[in-house]
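S.K.: coords please:
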Amino acid sequence: MLTCKKHLFSLSDEVTYLNCATMSPFLRSVERIGIENLKRKSNPQNIKSQDFFTDRQLLKERFTQLIHAPHPDCVSIIPSVSYGIGTVIKNIRFKRGDEIIVLEDQFPSNVYGWKGLEKTDGVKIISVKAPPLTPGRGSIWNQRLLDAINERTKVVAIPQVHWSDGTLFDLQAVRKKTLRMEAYLIIDGTQSIGALPFSTSEIQPDALICGGYKWLMGAYGLGMAYYGERFYEGTPLEDNWINHQGSEDFTNLARYNPEFKPKANRYDMGESSNFIHVPMLAEAIGQIMDWTTDGIQQYCKEITYEAIQTLKNHGYYIEVPEYRGHHLFGIYTLGRKPMETIKQSLTEGNIQVSYRGEAIRISPHLYNTREDLEKLVNCFI
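M.R.: Sure, this is the predicted structure:
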C-alpha cells in the first residue's frame, strides 16, 4: 500500500487541504519542470524546431497509457473541457427530437454546449434527477440513468463521478445500452481520471474529455481528450498549423496541406506545444502512473474509512462505497448541525473543502493522512 506523499509537495503545514477536486497542488517535480521551462523562454535560441513536437508526443503517450487507449493518435491536447465538448458537438449530426441525457446538477462545461442545441437543432435535454438522500441513492440514480436511455437518445454526456458528491456511475452498463441505441457516450473525466481506474478498451466511450488541473495534477489551462472511431474523420474547432499533415517540416509550412493529421491529432488546440504546461502535465501523469490509480483509491479509502463511519454514525449522509469514489465524496448534514456553524469550524481549523449544492465536498489525496480526516470530523460533531 502507498504511504503519505506530502513530502513530494510544497503544501503548507498550517492548512489541511482536502480540496483536490477544486485544484490540485503541484508536485515539487512538476513545479521544478515548470520553472525550468519558464526560464527556457528567456533564451529562445535554445528552443529547436523538434521541441515543438517532443514533449507533446511524450504527454500523449503517457495519457494514452493512463487511460488504456489504443494509440497516442487517439488523444489530443485541449485547453478546457468546454473546448473538448465543443469539438464533439461540431462533429455530431442532430435532428429535431433527438435527446441528450445529462445528470442533474452536473458541471456546466458539460451542459451549456448541449443546451445551446435546443434552440439551433431542436433537441431535447433530459436531466436525470438525483434521488432523495436515502439508502440506495447511488444505485437508484444509476438505474434512473439507464432507464432514460431509449431509441430517441442521441448522446449520453455524463461524468464518471458526480462533481458535487462523488456519486459513481456504471459506465460499462451505460455503454452497453448506448450501443444498443446507437447513441454516443461522451464522458467528462475531469473529476476521476488520474485518481480512479479507467480503461477506454473496456468502456469504449466515443469521447473522454479531461481538465488537467485537478486529478491529473497539471497546470490550469491545459487538458486532454480521447476521441473514438466515430470522430476519426471529423472537423476540428480550429485550423492551426500543427494539426495539418507535414507540419513537422518547417521549411515547407507555406506549401499548405489541407489534410488533417490522423484520428484525434486533428483536434489538437493551437499552440499545443506549450513549452511550460505540456512538460509539467507529462511529468505529473508519469508520477500518477507510478503510484497507480488503484493505489490512490486504496490509500484514500484507508485514510477516510474511520472518519466516514463516525460521521454516518452521527447521522450525516455519505454515499455507500460501492457508489462513490474514495477520492471524492459529499457530506450531507441532514440538519444535524447548521451549515454555517460547520463552515465556521472548518475555516477556524484551516481546513480547505468545497461546498457544492447541499453537499460539503471532501477530496483527499496522497498528501493527506488519517489525522487530517480526524480534524475534519471534529468540525461536525
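
S.K.: quick one: distance of stretch 113-128 to the chain centre.
M.R.: Centre-to-centre, stretch 113-128 and its host chain are 23 Å apart (C-alpha atoms, centre = their mean, to the nearest Å).

S.K.: run a quick neighbour tally on Gly166.
M.R.: Neighbour count for Gly166, taken as other C-beta atoms under 10 Å: 27. Just so you know, the C-beta spots here come from the backbone N, C-alpha and C atoms, and that holds for glycine as well.

S.K.: who touches the residue nearest to it when sequence neighbours are not counted in this structure?
M.R.: The spatially closest residue to Gly166, leaving aside those adjacent along the chain, is Leu328, at 3.7 Å (C-beta to C-beta, 6 or more residues apart in numbering). Shown in contact with Leu328 (C-beta atoms under 8 Å, 6 or more residues apart in numbering): 21, 161, 165-166, 191-192, 195, 361-363.

S.K.: also Glu283?
M.R.: Listed by C-beta under 8 Å, 6+ apart, the contact partners of Glu283 are 27, 29-30, 33.

S.K.: same check on Tyr227?
M.R.: Residues near Tyr227 by C-beta under 8 Å, 6+ apart: 74-76, 87-88, 206-207, 234, 263-264, 267.

S.K.: those residues in helices, which ones?
M.R.: Judged by DSSP state H, the subset of the contacts of Tyr227 located in helices is 87-88.

S.K.: so Leu216 lies in a helix, does it not?
M.R.: No: counting by DSSP: H, G, I helix; E, B strand; the rest coil, Leu216 is not part of a helix but coil.

S.K.: could you number the chain from 314 rather than 1 from now on?
M.R.: In the new count, where the first residue is 314, that last one comes out as Leu529.

S.K.: thinking it is in contact with Ile601, fair?
M.R.: Yes: with contact defined as C-beta atoms under 8 Å, Leu529 counts as touching Ile601 (7.2 Å).

S.K.: and stretch 603-612, how far from the chain's centre?
M.R.: In terms of C-alpha atoms, centre = their mean, the centre of stretch 603-612 is found 16 Å from the chain centre.

S.K.: make that stretch 521-533, sorry
M.R.: With C-alpha atoms, centre = their mean as the basis, stretch 521-533 stands 6 Å off its chain's centre.

S.K.: what's near enough to touch the residue nearest the centre of the chain?
M.R.: What sits nearest the mean C-alpha location of the chain, by C-alpha atoms, centre = their mean, is Thr503, with 1.0 Å. Thr503 is in contact with 394, 420, 472, 476, 522-524, 527-528, 536, counting by C-beta under 8 Å, 6+ apart.

S.K.: strands - which of those land there?
M.R.: Among the contacts of Thr503, DSSP state E puts 472, 522-524, 536 in strands.

S.K.: domains of this structure?
M.R.: Domains of the chain are assigned by automatic domain parsing as 319-331+605-691, 357-603.

S.K.: do you know which of these lies nearest Leu351?
M.R.: For the domains of the chain, the distance to Leu351 is smallest for domain 357-603, at 5.6 Å, taking C-beta to C-beta.

S.K.: what's across from the nearest residue to Asn332 once chain neighbours are set aside in the sheet?
M.R.: Nearest non-adjacent residue to Asn332, counting by C-beta to C-beta, 6+ apart: Gln665, 4.4 Å away. Beta-bridge partners recorded for Gln665 (DSSP bridges): Tyr330.

S.K.: sorry, back to before: got CSV for the domains of the chain, with mean pLDDT too?
M.R.: Output for the domains of the chain, formatted as CSV (pLDDT from 0 to 100):
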stretch, mean pLDDT
domain 319-331+605-691, 97
domain 357-603, 97
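
S.K.: now distance to Asn350 too, for those domains, in TSV please.
M.R.: TSV is the format used below for the domains of the chain (distance: least, C-beta to C-beta, whole Å):
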stretch	distance to Asn350
domain 319-331+605-691	18
domain 357-603	5
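
S.K.: need the contact list for Arg669.
M.R.: When contacts are counted by C-beta under 8 Å, 6+ apart, Arg669 touches 476-478, 643.

S.K.: that one and Leu641: what is the separation?
M.R.: Distance, Arg669 to Leu641, by C-beta to C-beta, to the nearest Å: 10 Å.
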